[in-house]
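Peer 1: below are the sequence and a predicted model; questions follow.
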Protein chains: 2
Amino acid sequence: MDIDLIRELATPNDTKIVLAVIDGLGGLPHPSRGRSELEAADTPRLDRLAAESACGLTIPVGLGITPGSGPGHLALFGYDPLKYTVGRGVLESLGIDFDLQPKDVAARGNFCTLDADGKIVDRRAGRIPTEESAALCEQLAKIELPGADLFVEPVRDHRFVLVLRAKGRKKLSAEVRETDPQKEGVAPLTAEPIERGAKSTATLINTFVREAQTLLSDRETANAITLRGFAQQPDLPNMPEVFNFRAAAVAMYPMYRGLAKLAGMTVLEAGESYLDEIESLRSHWDDFDFFFIHYKPADAAGEDGDFGAKVAALEAFDKFVPALRDLGADVLMIAGDHSTPTTMAAHSWHPVPFALSAANIRPDAAHNLDEHSCLRGSLGTFPATEVMPLAMAYAGRLAKYGA
Amino acid sequence: MDIDLIRELATPNDTKIVLAVIDGLGGLPHPSRGRSELEAADTPRLDRLAAESACGLTIPVGLGITPGSGPGHLALFGYDPLKYTVGRGVLESLGIDFDLQPKDVAARGNFCTLDADGKIVDRRAGRIPTEESAALCEQLAKIELPGADLFVEPVRDHRFVLVLRAKGRKKLSAEVRETDPQKEGVAPLTAEPIERGAKSTATLINTFVREAQTLLSDRETANAITLRGFAQQPDLPNMPEVFNFRAAAVAMYPMYRGLAKLAGMTVLEAGESYLDEIESLRSHWDDFDFFFIHYKPADAAGEDGDFGAKVAALEAFDKFVPALRDLGADVLMIAGDHSTPTTMAAHSWHPVPFALSAANIRPDAAHNLDEHSCLRGSLGTFPATEVMPLAMAYAGRLAKYGA
């Protein structure tokens, strides 16, 4: 997608666009039964939708490139995921719904265990329970640093987020090397500035680490910390401004809400089920033009390598299709941020089934929403960054280019 | 392929990748019988491999662009062939196994025939026999130039290679215009520098041409020379460094060995048959991770416009497939550097059938290795530069991109 071109051509209209993302949608054949999760799942409503849609397969980042959740979603929102990157620290902050500010520096932290010589003997401090970790975070949050506020928020087990927020005129930089040596038997590293402007931030970080270690020094395990993935919010073009529309997002998991917020969407309440999510869209239907709605269970089952659970998650989604269609969007898309084949129990590089239902589509030979069928779709195998321009076109929201 | 991205994500593994290139693989339908060379050939082993593979068609350079051997191979190795070019002089040197050094300037030479007025009457000197040409090259090799060694090596018929190698601190430049006017009835041109730094090289070349003409002046034919395609080795990123693996190549024709060497591969002995080539891979199996193996006869038959010979060459390859598979690579690819349809008796721009056999592939409707069938493959029609990222992904050698 050429952002400047889209910005130039984007035209308001009274049409509605729904981008329904099924996280980890694509899969691979079951080793003995030969059908993929989508093929094995009984999804008559999704298949009917696909039959009435223009179908294809999206490439999230590039052929052979396995995306994380950040790049997978940014691509669907129209951003080149190689140009716009979301650092680990920012993603972790989004994942716990932390209200990250534009100039904050965030890092992923680990509690770890040092021996008497100060060498790491356990990088994860025996995966201490989240409650214990939370109590330690409360202690560390009391550390005071000159010129910066700090936040220490538990994530899960031994993991936490550190956020530094500059006070007054001070400027922080994320160009700091991680303190996690990524192996045991050595001491944690000192935070080193990667660029000149990061020197004072590195000093702050080293002060924090030293004081943290003092606070934790009486402990047998979890007596130190490591930090990595120092990052600031990426400067993403604002979706409402680029596409000239009002954009809303609904997602039960904080990370996806956070990614939507980074893109400039308004985050709506998600409730406690996918039906709640759909109802949330319905109750804000008049207030927005574009809606991103996120469904997580397919990816979670894929990551667990549980074929049956992924099939069940897809079948569960299928039952929501009538409610999604009832919203009456002019453009309804079913997309995935990446494939998560259960046979691999991980994200993968395989292109992701995609269906776009709207007026003016070219009917094609893709009659089911699955990997095989979408290969026969009229959209072909195409970059995920082109999803938004297609949606805009089908919504009558893109002016003609050139005379 | 984004080289920096691949370099960042490439991760060692104990997997093996084999890239088997069938030169000039793609074709066109026979004008009366209607089937392409690949469709007409009886290749049950290739077809079985294709049925078990992810298939597609590769675009070597761009739609409509007919590649030479250089760009065709560079693309398969992962290099953008529009960014990395191999000059004619370098390609000719590689083609005769000349041990070109990084700073050498190489040119393609022709013996030609001048009339009494010094005008070219035959640009190819009646295509004098290679032996006669070789004797003349020996004479020309005795010319001495200030500051540079020179090599004059026969190629075939009237063609030879001139290589200039700087001595001491002297620097040579390839930015020199060719002396071949590309038509008859005019005198050979003077070598002109294209940039300021090429002035002394142009002077050397003009001295060489003048002395050559003096040495040849008693002859009726082949009494002069023309030179074109001045070139130095391109500065290609090193495949082992980019992909973080050990790479080997085996090819019976010197040009392909040379291209592999330019890319940083270790060249293995090829023996005298394709079976020897395969045995060479087998005997070095533990020493490398990536193997490029080259098969020439299909292209040669295509260039000759001999449909039956190309069919026979493909059928001959088919019999080697079991030996190739027996190597036990984790990723085995059958690819072509370009199409060479016998009806055109030349390289062409048509996309090239491609099959990748590995774990975690999506089975597709491409059940034969041919132009029609591969259109139904799960890889689609895609740039040849993406072959290596795909191979790396399927070999479990690429880390996830982004969190």
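Peer 2: Ah, there it is.
Peer 1: surely A:L375 is in contact with B:L375?
Peer 2: No: contact criterion Cβ atoms under 8 Å: A:L375 and B:L375 do not qualify, at 10.4 Å. Every residue, glycine included, has its C-beta placed from N, CA and C.
Peer 1: now stretch A:153-169: how far from the chain's centre is it?
Peer 2: 19 Å (Cα atoms, centre = their mean, to the nearest Å).
Peer 1: can you get me the start-to-end distance on that stretch?
Peer 2: 25 Å (Cα to Cα, to the nearest Å).
Peer 1: repeat that for stretch A:285-298.
Peer 2: End-to-end distance for stretch A:285-298: 26 Å, by Cα to Cα.
Peer 1: skipping its backbone neighbours, what lies nearest whatever residue of the stretch 151-300 of chain A ends up closest to chain B in space?
Peer 2: For the stretch 151-300 of chain A and chain B, the shortest gap (Cβ to the nearest Cβ) falls at A:G229, measuring 7.3 Å. Counting by Cβ to Cβ, 6 or more residues apart in numbering or on different chains, A:G229 lies nearest to A:R88, which is 2.7 Å off, once chain neighbours are set aside.
Peer 1: would you mind naming what in chain A lies close to chain B?
Peer 2: A:28-29, A:34, A:36, A:61-71, A:81-82, A:85-88, A:91-92, A:229, A:341, A:343-344, A:346-350, A:371-372, A:375, A:380-381 (Cβ under 8 Å from any Cβ of the partner chain).
Peer 1: of those residues, which belong to strands?
Peer 2: A:G229, A:T381 (DSSP state E).
Peer 1: let's see the ChimeraX selection covering just the buried ones among the residues of chain A next to chain B.
Peer 2: Entered in ChimeraX, the line below selects the buried ones among these, by 16 or more other Cβ atoms under 10 Å in any protein chain shown:
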select /A:28,29,36,61,62,63,64,65,66,67,68,69,70,71,81,82,85,86,87,88,91,92,229,341,343,344,346,347,348,349,350,371,372,375,381
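Peer 1: which phi and psi does the residue of the stretch 51-200 of chain A found nearest chain B have?
Peer 2: At 3.4 Å from chain B, A:G64 is the closest residue in the stretch 51-200 of chain A, using Cβ to the nearest Cβ. Backbone torsions of A:G64, given as degrees, to the nearest 10, read phi 90, psi -10.
Peer 1: let me see the confidence value for it.
Peer 2: Listed pLDDT for A:G64 reads 97.
Peer 1: the spatially closest residue to A:G78 that is not a sequence neighbour: which element?
Peer 2: Once flanking residues are discounted, A:G78 sits nearest to A:M388: 3.7 Å by Cβ to Cβ, 6+ apart. Taking DSSP states H and E as the criterion, A:M388 maps to helix A:387-394.
Peer 1: which residues touch that helix?
Peer 2: A:1, A:6, A:10, A:17, A:19, A:58, A:75-78, A:243, A:290, A:330-331, A:333, A:335, A:354, A:356, A:358-361, A:379, A:398 (Cβ atoms under 8 Å, 6 or more residues apart in numbering or on different chains).
Peer 1: repeat that with 6 Å
Peer 2: A:M1, A:I17, A:L76, A:G78, A:V331, A:A358, A:L398 (Cβ atoms under 6 Å, 6 or more residues apart in numbering or on different chains).
Peer 1: in helices, which of the residues you listed fall?
Peer 2: Judged by DSSP state H, the contacts of helix A:387-394 include A:L76 as members of helices.
Peer 1: nearest to B:A202 among the contacts of helix A:387-394?
Peer 2: A:M1 (47.4 Å; Cβ to Cβ).
Peer 1: what's the closest of the contacts of helix A:387-394 to B:H158?
Peer 2: A:M1 (53.2 Å).
Peer 1: show me what contacts A:V321?
Peer 2: A:R45, A:L46.
Peer 1: 8 Å instead, please
Peer 2: Here A:V321 is in contact with A:R45, A:L46, A:L49 (criterion: Cβ under 8 Å, 6+ apart).
Peer 1: in a strand, A:F151, correct?
Peer 2: Yes: using DSSP: H, G, I helix; E, B strand; the rest coil, the secondary structure at A:F151 is a strand.
Peer 1: show me what it is bridged to.
Peer 2: Legend: beta-bridge partners of A:F151 under DSSP bridges are A:V163.
Peer 1: and it, how far from A:I143?
Peer 2: 11 Å (Cβ to Cβ, to the nearest Å).
Peer 1: please identify which of the two sits among more neighbours.
Peer 2: A:F151 (19 against 16; other Cβ atoms under 10 Å in any protein chain shown).
Peer 1: separation between that one and A:A134?
Peer 2: From A:F151 to A:A134 the distance is 13 Å (Cβ to Cβ).
Peer 1: tell me who's in contact with the closest residue to A:K261 other than its chain neighbours.
Peer 2: Among residues not flanking A:K261 along the chain, A:V267 sits closest, at 5.6 Å (Cβ to Cβ, 6+ apart). Residues near A:V267 by Cβ under 8 Å, 6+ apart: A:A248, A:A249, A:V250, A:A251, A:R257, A:A260, A:K261.
Peer 1: out of the contacts of helix A:387-394, who has the most neighbours?
Peer 2: A:L76 (28 neighbours).
Peer 1: just the pLDDT for it.
Peer 2: 98.
Peer 1: hang on, A:L49 in a strand?
Peer 2: No: under three-state DSSP, A:L49 falls outside any strand and is assigned helix.
Peer 1: make sure it is actually in contact with A:P322.
Peer 2: No: counting by Cβ under 8 Å, A:L49 does not reach A:P322; the two are 9.8 Å apart.
Peer 1: those two: who's more crowded?
Peer 2: Counted by other Cβ under 10 Å, A:L49 and A:P322 do not tie: A:L49 has more neighbours, with 24 against 12.
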